[in-house]
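1. Just the structure for this:
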Amino acid sequence: MSSSLQKPNETNSKASLLSVKNITAFYGKSQALFDVSLEVKVGEVVALMGRNGVGKSTTIKAICNLNPATSGEIVLISKNTAKLASHKVARLGIGLVPEGRRCFPNLTVYENLVVTAREDVNSKNSSNNTHWDLNKINTLFPRLTERYSQVASTLSGGEQQMLAIGRALLTNPKLLILDEATEGLAPIVRQEIWTAIRQLREAGQSILLVDKTLSELLPVCDHCFILEKGHTVWHGEPADLTDDISSRYLGVSAQ
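-> This is a model prediction of the structure:
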């Protein structure tokens with residue numbers, strides 16, 4: 001890892017970056033979220049966990065105001081986001097890597113990376129000491145350098161995921177949100193993604209992370225929140241996630 005990636009100071013690491021309190025959300029007349037709460041502090045990696053269909057992606061959409069919450073409160077960097085358009089929420093400092101990657105298929109790797117890149121205009125309030133540019137993305141994902149002139153549609157699934165993460169980091173986000181970042185990838189590529197996530201954690205990047213692979217997820221997390229039927233039903237540190245809780249809400253052992 002590049003020596004320019006440094007941890008934030010201890011004081012900043014305890015500040016609240018994202019606070020979600022008792023939100024509800026609907027798809028049409030169908031209620032998807034009933035009572036969801038979570039928090040991400042500066043420099044933390046937080047896992048959002050649960051079985052399929054319990055509201056994880058809906059929670060992320062509510063945080064980004066892509067499917068706004070109908071009640072409750074979402075505060076990002078001390079700003080209530082309820083009345084903000086989704087693009088203005090993103091500009092507050094969210095870098096979203098959505099489920100399914102969604103790279104621009106007809107643009108090259110280079111074009112995908114730079115099309116949404118922006119300087120860290122709020123560097124004094126940054127959640128970490130890393131300024132993301134193409135050189136740092138190349139260090140994190142060397143394979144992308146070899147693919148600069150290829151259009152995204154010709155990349156493997158793993159390469160597209162690296163590209164989606166790199167594109168999000170080039171917005172210099174305060175909070176990086178990864179929705180199922182390793183789903184459907186070959187084992188060797190999954191390990192490359194997890195290695196990158198560990199490097200981001202060591203650099204102090206705040207991350208909200210959705211994934212089902214507990215053996216990889218729990219070691220990189222500072223805190224976990226579990227959803228069940230649109231409710232937050234448990235939260236705590238990874239060490240507190242017992243087999244009983246894991247089996248009940250996740251259907252797998254925590255060990």
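2. which stretches of the protein have low pLDDT?
-> 1-14, 119-129, 252-255 (pLDDT under 70).
3. For the chain, just list every one of the strands.
-> Remark: strands assigned in the chain by DSSP state E are 16-27, 30-41, 45-49, 71-76, 79-80, 94-97, 175-179, 206-210, 223-228, 231-236.
4. Could I get these in CSV, plus columns for mean neighbour count?
-> Yep, even glycine has a C-beta here, placed from its N, CA and C like the rest. Formatted as CSV, the strands of the chain follow (neighbours: other C-beta atoms under 10 Å):
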stretch, mean neighbour count
strand 16-27, 18
strand 30-41, 19
strand 45-49, 25
strand 71-76, 18
strand 79-80, 12
strand 94-97, 24
strand 175-179, 24
strand 206-210, 25
strand 223-228, 22
strand 231-236, 18
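5. which one of the ones you listed lies closest to Thr108?
-> Thr108 lies closest to strand 94-97 among the strands of the chain, at 19.0 Å (C-beta to C-beta).
6. So what touches the closest one?
-> For strand 94-97, contacts defined as C-beta atoms under 8 Å, 6 or more residues apart in numbering pick out 60, 63-64, 76, 90, 161, 164-165, 168-169, 171-179, 181.
7. Restricted to helices, list these.
-> The members of those that map onto helices under DSSP state H are Ile60, Ile63, Ala90, Gln161, Ala164, Ile165, Ala168, Leu169.
8. who's the residue nearest to the second one when sequence neighbours are not counted bridged to?
-> Spelled out, it's Ile63. Counting by C-beta to C-beta, 6 or more residues apart in numbering, the nearest residue to Ile63 once its immediate chain neighbours are dropped is Ile74, at 6.0 Å. On the basis of DSSP bridges, Ile74 is bridged to Val20.
9. so Ile74 sits right up against Thr81, yeah?
-> Yes. Here Ile74 lies in contact with Thr81, judged by C-beta atoms under 8 Å, at a distance of 5.1 Å.
10. Now list whatever residues contact both of these two.
-> Jointly contacting Ile74 and Thr81 under the rule C-beta under 8 Å, 6+ apart are Ile63.
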